[in-house]
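In: please find the sequence and the predicted model below.
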Amino acid sequence: MVLEEHVVQLQRGDRLFLYSDGVPEAMDPKGTLFGSPQMLEVMELGNFQSIKESVDLLMNVVERWGAGGSLEDDVSILGLEIEP
């Protein structure tokens, strides 16, 4: 396994989301992956909400996506926000 290391300077108001691979890999009943592009779209929708509401929004959308399908992997999301 090859790992990369990156350094990022966070500023006030920046958000950092840590998530398990079960989020973008969640499947709907037809076997379609939720995917990273859709995950980022949902995260952008939550930009004007509190960090908790933003995480809850993403979790709820992933759970609805997988309803009747398969959430075989763990689905974990942690959101951090640098105090504005």
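Out: Looks like it arrived, so ask away.
In: can you give me the helices in the chain?
Out: For the chain, helices defined by DSSP state H occupy the ranges 36-45, 51-66.
In: out of those helices, flag the one nearest Pro29.
Out: Among these, helix 51-66 comes nearest to Pro29, with 8.5 Å by CB to CB. Backbone N, C-alpha and C define where each C-beta goes, glycine included.
In: pLDDT on the closest one, on average?
Out: Summarised as a single mean, pLDDT over helix 51-66 is 94.
In: before we move on, what about stretch 23-33?
Out: Averaged across stretch 23-33, the pLDDT comes to 89.
In: and it, how far from the chain's centre?
Out: 14 Å (CA atoms, centre = their mean, to the nearest Å).
In: what comes up buried for that stretch?
Out: Within stretch 23-33, the residues scored as buried using 16 or more other CB atoms under 10 Å are Val23, Pro24, Glu25, Ala26, Met27.
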